[in-house]
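Chemist: After the sequence you'll find the predicted model.
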Amino acid sequence: MTERLRMELALLLPDLPGDQDACMQRLTDILGAEPGVTEAHIVPPEGATPGQLCLHFDPAQLSLAEVRRAALAAGARISARFGHVSVAVRMIGAEDAARRLVEELRAVPGVLTASINLPAQQAFVEFDRELTSLERIQEAVGRLPGVTVPNAGANADRGAEVPPWYRRHRELVWSLLSGVLLLAAYSGARWGGLPGAAVRVLYGGAYLFGGFDLVRHTVAAARRGRFAFDIDLLMLLAAPVQRCSVNGPKAHFCSLFSLAHALEHYALGRARNAIRALAELAPRRAVVLRGPNNTRSPWRRWSPATWS
């Protein structure tokens, strides 16, 4: 006959970022191999009840206290070795940039998983503390062009210095310059009587301003050995073959694509700012009423079961 012990996951793995983390599988694997433990599995959260670890054990081989100590020890070993960090990043403009950052993070020795929340500008990383560190992860983030890591700290995202206007809107400025040169070339050729050489120079300038950002990302990725066949590369390869004998279609192509790219970045920035402003409204501390006593503490310390 077996007995059963249930323990909250928050007690065993206090830094657990979610209910589907790999550390839960590690925990059940370690405890399931303990002599006397017949089964170890996770009970998912339901309503106000948080997620729990359920252990089935043979009381003839292990006492309840021994099972509890084994579970706490296993959780402590996992927490000591495997870390979870949310890195605040800035200037991630599009899905391609997010994918490049994920690839850069996963290439760091010791990083097990990595993902990006693009609107919130957060990188979520699980790593092995024996093989890497938070500093190396932040360095990997900072190596990407156009991506910066705010200063570490509890309020890093709020206290970080806001980049200059040009740095935040550089791609939009280049795309607008490309559009201005494109309009000047077209108008000069059609109505202004500009010589052909001047028109070609204007079209060439529009082509360069429109395609510079694509070339910059592609070259940077190739230099790091992270070459990827993405939409930026497709546009870069498609532009030169647009009626190769005429500069106008090439410039139109690059100018319109760079403007679409810049507007995408702008829309994501607006969404990010809206999410950040909404987060500012969240209370930092909560008051829990328990009979005649009130307890005030940061709300993150409380599990859903506390509010029942």
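Modeler: On my side now, so go ahead.

Chemist: what's the average pLDDT for the helix or strand R100 falls within?
Modeler: Using DSSP states H and E, R100 falls within helix 95-106. For helix 95-106, mean pLDDT is 74.

Chemist: Which is the succeeding secondary structure element to that helix?
Modeler: Per DSSP H and E, the helix or strand that comes after helix 95-106 is strand 111-117.

Chemist: My guess is I137 contacts A107. True?
Modeler: No: counting by Cβ atoms under 8 Å, I137 stays clear of A107, with 11.2 Å between them. C-betas here are computed from N, CA, C, even on glycine.

Chemist: how about the CA coordinates for the helix holding R100, as PDB?
Modeler: Taking Å, rounded to 0.1, in the frame of the first residue of the first chain, the C-alpha atoms of helix 95-106 are listed here in PDB:
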ATOM      1  CA  GLU A  95       9.900  39.300 -35.900                       C
ATOM      2  CA  ASP A  96      13.100  38.800 -37.800                       C
ATOM      3  CA  ALA A  97      15.100  40.800 -35.200                       C
ATOM      4  CA  ALA A  98      13.400  38.800 -32.400                       C
ATOM      5  CA  ARG A  99      14.300  35.500 -34.200                       C
ATOM      6  CA  ARG A 100      17.900  36.600 -34.600                       C
ATOM      7  CA  LEU A 101      18.100  37.400 -30.900                       C
ATOM      8  CA  VAL A 102      16.700  34.000 -30.000                       C
ATOM      9  CA  GLU A 103      19.300  32.300 -32.200                       C
ATOM     10  CA  GLU A 104      22.100  34.400 -30.600                       C
ATOM     11  CA  LEU A 105      20.900  33.500 -27.100                       C
ATOM     12  CA  ARG A 106      20.600  29.800 -27.900                       C
END
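
Chemist: got the angle for it vs strand 111-117?
Modeler: Angle, helix 95-106 to strand 111-117, by axes from the mean of the first three to the mean of the last three Cα atoms, to 10 degrees: 160 degrees.

Chemist: Give the other helices and strands that helix 95-106 contacts.
Modeler: Counting contacts by 3 or more Cβ pairs under 8 Å, 6 or more residues apart in numbering; DSSP states H and E, helix 95-106 packs against strand 111-117, strand 122-128, helix 134-142, helix 196-223.

Chemist: rewinding a little: between I137 and A107, which has more neighbouring residues?
Modeler: Under the criterion of other Cβ atoms under 10 Å, the comparison of I137 against A107 puts I137 first, with 23 against 13.

Chemist: what's the average pLDDT for the longest helix along the chain?
Modeler: With secondary structure taken from DSSP state H, the chain has its longest helix at helix 247-280. In this model, helix 247-280 has a mean pLDDT of 73.

Chemist: change the start of the numbering to 476 and stick with it
Modeler: All right, first residue 476 from here; so that's helix 722-755.

Chemist: tell me how far it is from the chain's mean position?
Modeler: Remark: helix 722-755 is offset 18 Å from the chain centroid, using Cα atoms, centre = their mean, to the nearest Å.

Chemist: Export the helices and strands packed on helix 570-581 to a markdown table and append columns for distance to R645 and mean pLDDT.
Modeler: A markdown table is the format used below for those (distance: least, Cβ to Cβ, whole Å; pLDDT from 0 to 100):
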| stretch | distance to R645 | mean pLDDT |
| --- | --- | --- |
| strand 586-592 | 21 | 85 |
| strand 597-603 | 21 | 86 |
| helix 609-617 | 17 | 78 |
| helix 671-698 | 8 | 79 |
